[in-house]
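*Asks:* no sequence for this one, just the structure:
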């Protein structure tokens, strides 16, 4: 391998190592003392509950591990958004699992907790997957109640989704392993079956302290809303168990009895590993993503047999489109090409930029995949659409609109991987979060922003300097450079993969070597929903 490849590999592996180090801290939840208190009460941690429940933890796809990362420092932090969640297999069936983390502020709901739980319900609904709730929460985090309680995408939407999933025939199982308080009490009762662990599980609209304050009644929590109360008196719960393990065993039993559902029918054959060494994927992107590189090198290390059949190979070269298989699944790939190329007129085109011809090509390819019922995979490393008089006069907005329209109206599953840059309207055209990908992941090298940090910083600097001069203030060159650095540092922080993952703009930051697995599991989830809409481009025809 060349020295350049080795440098690239070292850089990417360092980013992956940093991600894993941060995840290891997140996995500690609320910390050692909080975990010890769980053990004293004979309770498992949320990750232990999931590990016991799933068939194989290695196949568990965690969603939102970075949710809330560095967002609530003044409140003591909210690791993983106070919830551990993802896709796993229980009794051979792919399911969605959502587990409250009682070690984080007693499992209280922060704004990001609500957003994460809604995202998991969205995944269950889009893919018609059974969802299992492992409940252990003290309810809304009161100091931030205005950011979690009243709005459309806030706490109450959870229960609306419970009702909607019930009408859709999606299995919902709730295991109450700790507190389940106030509005949160509706979640298990709106599920199909409710299980409770005796001694720890409790469900009530108001706990014993609030009952005493409100109506003067003196009662303990277990008598008020414990497992025996709700299985023997109120009839709210369906089963009670002495231990968490026996409760989880019963969930496995319930899932094992679910009938087979109809599938969407996405094509899959026997999987083949890539011919080109997948481990070489680490060395494909230049250090800092500052130089051009061949996206084909990444694709050939992702797809089965390294076989990528290009669509319109010699046209619109700044986007690669083509058919391939990933772990046996037939996919259509739309990827930004970072190499500098020439168009049909012999004009040079900058890699990573979407030109008229590449937008036209991608729109046509997306239509073809919808026509053939082939899932789409978007590999993003895009700086935006081409600007300037030549592009504007050639109708770049019109061609870009065609591509955006095709992405927006696409009905086959879309899975997006943000490999490098994801800037401006390029993020939209390449199926960013706003365009409803079934799943969206990023590599640790990803950057998501309206434009690159350097360009944004210079633009903002010009505005700030002009404002200061307008007020009669004189700014030296040294002060100007310091201001530029402060702006760029802030902008770089906000465009980093961790910032995006903390706010659930992406579902997870993944190790590049695991990209095949994440795409395959995403298509397998999507294959569980046969109710696909009809593809219709609407008014903007391609």
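*Replies:* On my side now, so go ahead. Everything numeric in this text was worked out from a predicted model, so none of it was measured. Numbering: from 1, shown residues only.
*Asks:* okay, CA-based contacts and neighbour counts for the rest of this
*Replies:* Noted.
*Asks:* quick check, pLDDT for the residue at the greatest distance from the centre of the chain.
*Replies:* The C-alpha centroid of the chain is most remote from residue 472, which lies 47.5 Å away (CA atoms, centre = their mean). Per-residue confidence (pLDDT) for residue 472: 76.
*Asks:* that one should be in a strand, yeah?
*Replies:* No. Counting by DSSP: H, G, I helix; E, B strand; the rest coil, residue 472 falls outside a strand, being coil.
*Asks:* please report how far it lies from residue 110.
*Replies:* Residue 472 sits 44 Å away from residue 110, going by CA to CA, to the nearest Å.
*Asks:* that older thread, would you mind measuring from the residue farthest from the centre of the chain to residue 535?
*Replies:* Residue 472 is 58 Å from residue 535, by CA to CA.
*Asks:* which residue ranges form the helices in the stretch 351-500 of the chain?
*Replies:* For the stretch 351-500 of the chain, applying DSSP state H, counting those that start in this stretch gives helices covering 356-372, 389-393, 396-409, 424-429, 453-470, 477-495, 497-502.
*Asks:* pLDDT below threshold where in the stretch 351-500 of the chain?
*Replies:* 386-395, 453 (pLDDT under 70).
*Asks:* mind giving me CSV with the helices of the stretch 351-500 of the chain and columns for distance to residue 31?
*Replies:* Formatted as CSV, the helices of the stretch 351-500 of the chain follow (distance: least, CA to CA, whole Å):
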stretch, distance to residue 31
helix 356-372, 47
helix 389-393, 55
helix 396-409, 42
helix 424-429, 37
helix 453-470, 35
helix 477-495, 26
helix 497-502, 19
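*Asks:* comparing the ones you listed, which comes out most buried?
*Replies:* Of all those, helix 497-502 has the most neighbours on average by mean count of other CA atoms under 10 Å, namely a mean of 24.
*Asks:* list the contacts of the very next helix or strand once past it.
*Replies:* As assigned by DSSP states H and E, the chain's next helix or strand after helix 497-502 is strand 508-509. Here strand 508-509 makes contact (CA atoms under 8 Å, 6 or more residues apart in numbering) with 19, 62-66, 440-444, 497-498, 501.
*Asks:* partners of strand 508-509 in the sheet?
*Replies:* If you go by DSSP bridges, strand 508-509 pairs up with strand 439-442 (parallel).
*Asks:* contacts for the partner strand next, please.
*Replies:* So strand 439-442 is contacted by 414-419, 432-433, 497, 506-510, 522 (CA under 8 Å, 6+ apart).
*Asks:* for that strand, what is the distance to the chain centroid?
*Replies:* 5 Å (CA atoms, centre = their mean, to the nearest Å).
*Asks:* one more: stretch 200-219?
*Replies:* That offset, for stretch 200-219, works out to 37 Å (CA atoms, centre = their mean).
*Asks:* what does it contact?
*Replies:* So stretch 200-219 is in contact with 41, 136, 176-183, 185, 196, 220-222, 224-227, going by CA under 8 Å, 6+ apart.
*Asks:* immediately after the longest helix seen in the chain, which helix or strand?
*Replies:* Scanning the chain for the helix with the most residues, using DSSP state H, yields helix 3-26. Once the chain leaves helix 3-26, the next helix or strand it forms, by DSSP H and E, is helix 32-40.
*Asks:* I'd like the distance from that next one to the chain centre, please.
*Replies:* Centre-to-centre, helix 32-40 and its host chain are 29 Å apart (CA atoms, centre = their mean).
*Asks:* then stretch 101-115?
*Replies:* Relative to its parent chain, stretch 101-115 has a centroid offset of 18 Å by CA atoms, centre = their mean.
*Asks:* buried stuff in it?
*Replies:* Neighbour counts using 16 or more other CA atoms under 10 Å place 101-115 of stretch 101-115 among the buried residues.
*Asks:* just the ones of those in helices?
*Replies:* Counting by DSSP H, the part of those found in helices is 111, 112, 113, 114, 115.
*Asks:* would you confirm that the second one contacts residue 67?
*Replies:* Yes. With the criterion set as CA atoms under 8 Å, residue 112 and residue 67 qualify as a contacting pair; they are 6.7 Å apart.
*Asks:* shared neighbours, those two?
*Replies:* Shared contacts of residue 112 and residue 67 (CA under 8 Å, 6+ apart): 81, 503.
*Asks:* what residues of the helix or strand hosting residue 214 count as buried?
*Replies:* Taking DSSP H and E as the criterion, residue 214 maps to helix 208-215. Residues of helix 208-215 classed as buried: 208, 211 (neighbour count, 16+ other CA under 10 Å).
*Asks:* coming back round to it: of the buried residues of stretch 101-115, closest to residue 287?
*Replies:* Nearest to residue 287 among the buried residues of stretch 101-115: residue 112, at 32.4 Å, using CA to CA.
*Asks:* not counting sequence-adjacent ones, nearest residue to residue 505?
*Replies:* Excluding its sequence neighbours, the residue lying closest to residue 505 (CA to CA, 6 or more residues apart in numbering) is residue 433, at 6.1 Å.
*Asks:* measure the one you found to residue 299 for me?
*Replies:* Distance of residue 433 to residue 299, computed by CA to CA: 22 Å.
*Asks:* before we move on, what about residue 440?
*Replies:* 17 Å.
*Asks:* helix, strand or coil: sort out residue 312 for me.
*Replies:* Strictly by three-state DSSP, residue 312 counts as coil.
*Asks:* distance check, it against residue 318.
*Replies:* Residue 312 sits 12 Å away from residue 318, going by CA to CA.
*Asks:* sorry, back to before: quick one: buried ones out of the contacts of stretch 200-219?
*Replies:* Among the contacts of stretch 200-219, those classed as buried by 16+ other CA under 10 Å are 136, 176-181, 183, 185, 196, 221-222, 224-227.
*Asks:* mind checking which of those residues are in strands?
*Replies:* Counting by DSSP state E, the buried ones among the contacts of stretch 200-219 place 136, 176, 177, 178, 179, 180, 181, 196 in strands.
*Asks:* nearest to residue 279 among those?
*Replies:* residue 136 (40.2 Å).
*Asks:* which ones are touching the closest residue to that closest one other than its chain neighbours?
*Replies:* Nearest residue to residue 136, sequence neighbours excluded (CA to CA, 6+ apart): residue 178, at 4.2 Å. Residue 178 sits next to 135, 136, 137, 197, 200, 201, 202 when contact means CA under 8 Å, 6+ apart.
*Asks:* cutoff 7 Å now
*Replies:* Contacts of residue 178 were listed using CA atoms under 7 Å, 6 or more residues apart in numbering, and they are 135, 136, 137, 200, 201, 202.
*Asks:* check the secondary structure at the fourth one for me.
*Replies:* Classification of residue 200 by three-state DSSP places it in coil.
*Asks:* and residue 167, how many residues sit next to it?
*Replies:* 9 (other CA atoms under 10 Å).
*Asks:* in the helix or strand containing it, what counts as buried?
*Replies:* Assigned by DSSP H and E, residue 167 belongs to helix 156-168. Residues of helix 156-168 classed as buried: 156, 157, 158, 159, 161, 162, 165 (neighbour count, 16+ other CA under 10 Å).
*Asks:* please apply the same query to stretch 261-275.
*Replies:* Under 16+ other CA under 10 Å, the buried positions of stretch 261-275 are 264, 266, 273, 274.
*Asks:* and which of the contacts of strand 439-442 is nearest residue 397?
*Replies:* Closest approach to residue 397 among the contacts of strand 439-442 (CA to CA): residue 432, at 18.2 Å.
*Asks:* leaving aside the residues next to it on the chain, what's closest to the closest one?
*Replies:* Per CA to CA, 6+ apart, closest to residue 432 is residue 416, 7.2 Å.
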